[in-house]
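Peer 1: Mind looking at a prediction? Sequence and model below.
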Amino acid sequence: MFTTAFLERDATAGNQVPDNLYEAIAALKKELNAVILAHYYQESEIQDIADYIGDSLELSRRAANTDADVIVFAGVHFMAETAKILNPDKLVLLPDLNAGCSLADTCPPDAFAEFKAAHPDHKVISYINCSAGIKAMSDIICTSSNAVKIVSQIPKDQPIIFAPDRNLGRYVMEQTGRDLVLWQGSCLVHENFSEKKIVQLKIQHPEAEIIAHPECEAPVLRHANYIGSTTALLKYAQASSSSTFIIVTEPGIIHQMSKQANDKTFIPAPPTSNCACNECPYMRLNTLEKLYFCMKNRSPEITLPEDIRIAALRPIQRMLEMSA
């Protein structure tokens with residue numbers, strides 16, 4: 001079964017950083033006919049230079065429809081893989097090849113193949129936060145934006161495996177009333193939020209609304225005024241009459257919230273320990289310097305075995321059809 005090997009190297013080693021990175025990146029983008037896609041969890045200066053910013057669903061749509069020759073994916077490995085699955089003839093670049101995903105790592109393809117074989121009558125719906133190998137074994141891909149919608153479209157007598165995130169799967173079960181067989185994976189960021197500290201923040205800011213991502217654990221979600229994907233949280237914060245919000249997801253989204261609602265206050269929810277554990281360490285591996293050098297050097301490039309790519313393409317296309 002196909003697995004991804006990350007390279008241990010510094011993408012900027014031995015290279016001269018230009019005086020004006022923004023101008024240098026703009027020049028390379030024009031030269032390469034490139035598009036820069038960035039996830040909301042990227043550092044703010046990468047978000048500010050991106051052509052499109054979004055969550056996994058929106059970036060998948062952008063990748064599927066781009067006419068660029070080169071896709072620079074400022075995100076993590078599974079996102080760049082998705083872009084390559086959708087664009088086999090394009091050059092897909094990732095600023096740092098070590099930008100993986102703790103959730104994807106909890107679902108090794110060989111172990112999942114055994115799990116799937118033990119449930120032969122089940123359809124497999126996999127959260128997009130998984131490797132190409134897992135996608136290739138899936139019937140439909142989903143994101144946090146459309147998971148409830150997609151599961152709701154499956155006949156009620158059809159048993160379903162939901163992988164790899166158990167917290168999102170549990171949330172989907174609650175919303176749909178479906179009994180799903182859950183793979184027991186999780187995201188290190190979303191499992192690190194402290195219920196006790198969030199309650200303490202709420203006491204300090206009684207006027208604040210708590211808005212949370214469904215990858216969080218149930219004890220945290222029960223305090224939320226609103227639960228949704230990163231894009232849904234952004235839209236909710238804009239539309240709500242509240243002026244203060246406690247944000248229970250990766251705090252990179254706060255940059256866009258502050259730009260689109262600069263009269264409001266956004267407080268990042270704290271993790272269990274006194275660390276920056278509410279920041280995704282993989283997302284933060286990408287930097288503006290690495291983005292420049294990956295374009296300059298046309299590397300690191302994302303490649304996939306063609307049989308895996310074709311098998312993984314079908315469930316992604318199914319997701320896009322069911323999300324229209």
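Peer 2: That came through, no problem.

Peer 1: which ones are touching the nearest residue to Glu207 once chain neighbours are set aside?
Peer 2: Excluding the flanking residues, the one nearest Glu207 by C-beta to C-beta, 6 or more residues apart in numbering is Thr244, at 5.5 Å. No exception for glycine: its C-beta is placed from N, CA and C like everyone else's. Thr244 makes contact with 205, 207-209, 264-267, according to C-beta atoms under 8 Å, 6 or more residues apart in numbering.

Peer 1: what do you get for Ile161?
Peer 2: Per C-beta under 8 Å, 6+ apart, neighbours of Ile161: 115-116, 119, 122-125, 180-183.

Peer 1: Quick check on those residues: which are buried?
Peer 2: Buried by 16 or more other C-beta atoms under 10 Å: 115-116, 122-125, 180-183, out of the contacts of Ile161.

Peer 1: which parts of the helix or strand where Lys196 lies are buried?
Peer 2: Per DSSP states H and E, Lys196 falls inside helix 195-204. Within helix 195-204, the residues that count as buried by 16+ other C-beta under 10 Å are 195, 198, 201-202.

Peer 1: Ok, stretch 97-113 next?
Peer 2: The neighbour-count check on stretch 97-113 (16+ other C-beta under 10 Å) flags 97-104, 106-109, 112 as buried.

Peer 1: Looking at the buried residues of helix 195-204, which is nearest Asp89?
Peer 2: Relative to Asp89, the closest of these is Ile198; by C-beta to C-beta it sits at 46.4 Å.

Peer 1: close enough to count as contact, Gly75 and Ile36?
Peer 2: No - contact criterion C-beta atoms under 8 Å: Gly75 and Ile36 do not qualify, at 10.6 Å.

Peer 1: ranges for the strands of the stretch 151-300 of the chain?
Peer 2: 160-163, 180-182, 209-212, 226-227, 244-248, 265-268 (DSSP state E, counting those that start in this stretch).

Peer 1: mind putting these in CSV, mean pLDDT included?
Peer 2: Listed next are the strands of the stretch 151-300 of the chain as CSV, based on pLDDT from 0 to 100:
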stretch, mean pLDDT
strand 160-163, 98
strand 180-182, 98
strand 209-212, 98
strand 226-227, 98
strand 244-248, 97
strand 265-268, 96
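
Peer 1: hang on, the earlier thing: can you list contacts of the helix holding Lys196?
Peer 2: Contact with helix 195-204 is made by 208, 210, 217, 219-220, 223, 246, 248, 267, 269-272, as judged by C-beta under 8 Å, 6+ apart.
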